[in-house]
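A.B. asks: turn this into a model:
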Amino acid sequence: VSVIPESMGRFFVVVIAVVSAPGTYPLNNDAFYYGVLPPLAATAQAYGLTDLQVGLAALMGQAFHFLSTLVPFIYLLMDKTEITLAE
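C.D. replies: Just a heads-up that it's a prediction; the model follows:
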């Protein structure tokens, strides 16, 4: 916490949002949200940010997962097998 200047503390949620986008690619979601996010949330609390704000900022990175090359094959497979995702 002492590394981050006090004036930059209010922008910590932006840092979390930026870190979560690439952070969930090398790690799976569970590793990121249960391993990396709790220390970031504890750091954010030192600047007066709530867990809800940290959680919402971390979810911003999930939008980038749909840009991954791993997503289209699931939809193609479902189309070819005529199976829905719920099934």
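A.B. asks: and residue 68, its phi and psi?
C.D. replies: phi -70, psi 150 (degrees, to the nearest 10).
A.B. asks: OK, contacts around it?
C.D. replies: Contacts for residue 68 (C-beta atoms under 8 Å, 6 or more residues apart in numbering) come out as residue 25. All C-beta atoms are positioned from the backbone trio N, CA, C, and that covers glycine.
A.B. asks: same question, residue 57
C.D. replies: Applying C-beta under 8 Å, 6+ apart, we find residue 57 in contact with 13-14, 16-17, 20.
A.B. asks: on the three-state scheme, it is what?
C.D. replies: Residue 57 falls in the helix class when you classify it by DSSP: H, G, I helix; E, B strand; the rest coil.
A.B. asks: any idea how far residue 87 is from residue 17?
C.D. replies: As judged by C-beta to C-beta, to the nearest Å, residue 17 and residue 87 stand 34 Å apart.
A.B. asks: who has more neighbours, those two?
C.D. replies: Neighbour totals were compared for residue 17 and residue 87, and residue 17 leads with 17 against 7 (other C-beta atoms under 10 Å).
A.B. asks: which helix or strand contains that one?
C.D. replies: helix 12-23 (DSSP states H and E).
A.B. asks: contacts for that helix?
C.D. replies: Taking C-beta under 8 Å, 6+ apart as the rule, helix 12-23 contacts 4, 32, 36-37, 40, 43-44, 47, 49, 53-54, 56-64.
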